[in-house]
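> Just a sequence and a predicted model for now, questions to come.
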Amino acid sequence: MNINRLILGASFIAAGTLQLGSLNAAAHGWSEFPAARQQICYEQGGLWSGTPPNAACAEAKAISGSYPWVQRNEFSINIQDYNNQQAVRSAVPDGTLCYANDSQKRGFGIGRSDWTRTELNPGEFEYVFNATAPHNPSFWEFYLSKPNTDLNQPLRWNDLSLLKTVGNVPVENGKYRINITIPSDRAGDATLFVRWQRIDPVGEGFYNCSDITIVNGDVTDPEPPVDPVEPVVPYLVQGSQFIPSNISLNSVSVGDSVNFSVFNKNGVEHSAFSLEINAGNIQDWDRLLAAQVNGYYEDFFNGNVFIGRWHPEMEHYMYFRDDLYGNFFNSRDARASGVFSITPAEQAPNETVAISAKLISELNDSEVSYGDVILLTPDVVGANANDAVWAQTDGESLNLQTNANNELIVDTSLLSQTAQTLSFSLSLPNSDAQAIVSFNLTVDGETTEPTDPAVPTDPTVPDGTWNASAVYLQGDQVTYQGRVWTAQWWTQGDEPGTTGQWGVWR
């Protein structure tokens, strides 16, 4: 018996696209008087090009780009257990108060004493909130930073004293107006921190920081104590480059997707992110993809992964915009890793895939002799060859068998000795692509004459010509389509030639 191998080359492209959804709340407003940080920076300009005139605003832009100003009325977070102060502090931890723990707005949480400030006198003043989308019912909390608070550090909950709580306040011409009192013994620079909390199942709350100077000629603001500060050191291990050196911003086209997967210490995928390229993000996709990764790990895994690098002067991690190859995968576990990839825009599948057929023996490519065993080998590009599905499309029916490599075993000795054309197809699930291979089966010499069908055979006697209603036991022999078949075990109704090389009939 000759064993030949026929290679069926099928070019399949299997593309996977990750869809990462996000929950975006509607826009809602900001502190108008005294103005919130993001609003003052917005009014001063330099947001879309150039540099904002205020140094603190300029650093905020360097960290977070222009995105926070697009959403300056949405410094918010959803906390369902919003009446639980511990739950609030866990969701908005120290250092994140001024940007509601939204990693894409983290530039507004930096500790600096040179934010532009609004002057206020001790005593009562009218606080104004500009409501682009009013929400009632709701309640308000007003805090003032304590004396001696180091304003060069990010704001913490323990830095604050509660000034006032207010229940549901009606909106007037798109404004909320609430009277607040500054203590008479306060003077100098401070931060007014405002929490506006919606009363609803989602628990959406808004957090604004207004930088103020309390003008009070009767009180001298004490100087904050100067304590030695230990330098902050990086707490993550720097890994591989985020964007490989062979990739540029121009390596993608509209419709493509850029992807990033994070693998744990065991090499198992922990998370995956994707961003579809469009006309609006084609020159900024690297930062936006990194923001997905950083925001996810900030929100759910305590910042255990960050795309970017350590900034020694600012003493924190940041993504360096306009420095494509200067950002890295950073993780608390040095064994973790990240992989960047590009998925091309989805293309129409090939209706017919080219076939490359070759016999290892010197048989003619289009002819196979009766008795040969042919191995059809799938050649699949971009997918697992074991996922490919074989089917017979022409010729006498065979019970299709494959081996561990998903090679189709075509044993022509299981067929009748009849010259014929055999065809087989190869396809992938969820794809229109298909490859088909055909070859002619030739029969050399004389064929065995079948038993004369005119001679009756007792169906109760397990010999002679096979009968579908007869019962056959192990070792019984019958003739069928010119061949002798032996039963391997009890059988009834199983047609010889259809049970495969390991079936009941051999």
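Noted; the coordinates are in hand. Residues are numbered from 1 along each chain as shown.

> Can you pull the poorly scored residue ranges out of the chain?
1-27, 218-230, 347-366, 380-385, 429-434, 444-463, 501 (pLDDT under 70).

> C-alpha coordinates for the lengthiest helix in it, CSV please?
Counting by DSSP state H, the longest helix found in the chain is helix 285-300. Coordinates of the C-alpha atoms in helix 285-300 are reproduced here as CSV (Å, rounded to 0.1, in the frame of the first residue of the first chain):
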residue,chain,number,x,y,z
TRP,A,285,-3.7,56.7,19.3
ASP,A,286,-0.7,55.7,21.4
ARG,A,287,-1.6,58.0,24.3
LEU,A,288,-5.3,57.0,24.2
LEU,A,289,-4.5,53.2,24.2
ALA,A,290,-2.1,53.8,27.1
ALA,A,291,-4.8,55.7,29.0
GLN,A,292,-7.1,52.7,28.7
VAL,A,293,-4.5,50.5,30.3
ASN,A,294,-3.6,53.0,33.0
GLY,A,295,-7.1,53.9,33.9
TYR,A,296,-8.2,50.2,34.2
TYR,A,297,-5.3,49.3,36.5
GLU,A,298,-5.7,52.5,38.5
ASP,A,299,-9.4,51.8,39.0
PHE,A,300,-9.3,48.1,39.8
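
> Dig out what Val237 forms beta bridges with.
Using DSSP bridges, the bridge partners assigned to Val237 are Ser331.

> Let me see the contact set for it.
330-334 (CB atoms under 8 Å, 6 or more residues apart in numbering). For every residue, glycine as well, the C-beta is placed using N, CA and C.

> What's the separation between it and Ser103?
Counting by CB to CB, to the nearest Å, the gap between Val237 and Ser103 amounts to 20 Å.

> residues of the next helix or strand after the longest helix of the chain that come out buried?
Once helix 285-300 ends, the next helix or strand along the chain (criterion: DSSP states H and E) is strand 305-311. Along strand 305-311, the positions that meet the burial threshold by neighbour count (16 or more other CB atoms under 10 Å) are 305-310.

> which strands and helices sit next to the helix or strand just after strand 305-311?
On the C-terminal side of strand 305-311, the nearest following helix or strand under DSSP H and E is strand 316-318. Where contact means 3 or more CB pairs under 8 Å, 6 or more residues apart in numbering; DSSP states H and E, strand 316-318 is packed against strand 305-311.

> make it 10 Å
Contacts of strand 316-318 with other secondary structure elements, assessed using 3 or more CB pairs under 10 Å, 6 or more residues apart in numbering; DSSP states H and E, are made with helix 55-64, strand 305-311.

> need these in JSON lines with distance to Ser397, can you?
Formatted as JSON lines, the entries for those read as follows, by distance: least, CB to CB, whole Å:
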{"stretch": "helix 55-64", "distance to Ser397": "66"}
{"stretch": "strand 305-311", "distance to Ser397": "55"}
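
> Can you tell me which of those is nearest to Trp466?
Of all the helices and strands packed on strand 316-318, it is strand 305-311 that lies closest to Trp466, at 67.1 Å by CB to CB.

> any idea how far the closest one is from the chain center?
From the chain centre to the centre of strand 305-311 is a distance of 20 Å (CA atoms, centre = their mean, to the nearest Å).

> ok, which stretches of the stretch 51-200 of the chain are helices?
Counting by DSSP state H, counting those that start in this stretch, the segments of the stretch 51-200 of the chain that form helices are 55-64, 67-70, 85-91.

> quick one: contacts of the second one?
Contact partners of helix 67-70, identified using CB atoms under 10 Å, 6 or more residues apart in numbering, comprise 27, 37-39, 41-42, 47-48, 52, 57, 60-61, 74-75, 99, 102, 104-108, 284, 287-288, 291.

> Of the contacts of Val237 - the most surrounded one?
Neighbours here mean other CB atoms under 10 Å. Within those, the largest count is held by Asn330, at 25 neighbours.

> so who does the closest residue to that residue other than its chain neighbours touch?
The shortest distance from Asn330 to any residue that is not its chain neighbour, by CB to CB, 6 or more residues apart in numbering, is 3.9 Å, and that residue is Leu236. Residues touching Leu236, when contacts are defined by CB under 10 Å, 6+ apart, comprise 303-306, 308-310, 317, 328-334, 336.

> can you rerun that using 7 Å?
Shown here is Leu236, whose contacts under the criterion CB atoms under 7 Å, 6 or more residues apart in numbering are 306, 317, 330-332.

> Kindly reformat those as JSON lines containing distance to Val484.
Written out in JSON lines, the entries for those read as follows (distance: CB to CB, whole Å):
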{"residue": "Phe306", "distance to Val484": "74"}
{"residue": "Tyr317", "distance to Val484": "78"}
{"residue": "Asn330", "distance to Val484": "73"}
{"residue": "Ser331", "distance to Val484": "68"}
{"residue": "Arg332", "distance to Val484": "71"}
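
> which of the residues you listed lies closest to Ser161?
The shortest distance between Ser161 and any of those, using CB to CB, involves Tyr317 and amounts to 31.0 Å.

> Ok, which of the helices and strands packed on strand 316-318 comes nearest Thr479?
In terms of CB to CB, the element of these nearest to Thr479 is strand 305-311, at 70.9 Å.

> what's the closest one in contact with?
Residues outside strand 305-311 that contact it (CB under 7 Å, 6+ apart): 234, 236, 238, 242, 262, 290, 293-294, 297, 317-320, 326-331.

> Would you mind splitting this structure into its domains for me?
29-214, 237-343, 349-442, 450-506 (automatic domain parsing).

> now the strands for the stretch 351-500 of the chain?
Taking DSSP state E, counting those that start in this stretch as the criterion, the stretch 351-500 of the chain contains strands spanning 367-369, 373-380, 389-394, 401-402, 408-411, 420-427, 434-442, 477-480, 483-486.

> Which elements pack onto the shortest one?
Under the contact criterion of 3 or more CB pairs under 7 Å, 6 or more residues apart in numbering; DSSP states H and E, strand 401-402 touches strand 408-411.

> Relative to the strand it packs on, what are the paired strands and their orientations?
When pairing is defined by DSSP bridges, strand 408-411 lines up against strand 373-380 (antiparallel), strand 401-402 (antiparallel).

> Pick the most deeply packed of those.
Comparing these by mean neighbour count (mean count of other CB atoms under 10 Å), strand 373-380 ranks first with a mean of 20.

> ok and it relative to strand 434-442, angle-wise?
Between the direction of strand 373-380 and that of strand 434-442, the angle (axes from the mean of the first three to the mean of the last three CA atoms, to 10 degrees) works out to 160 degrees.

> so how far is strand 373-380 off the chain centroid?
35 Å.
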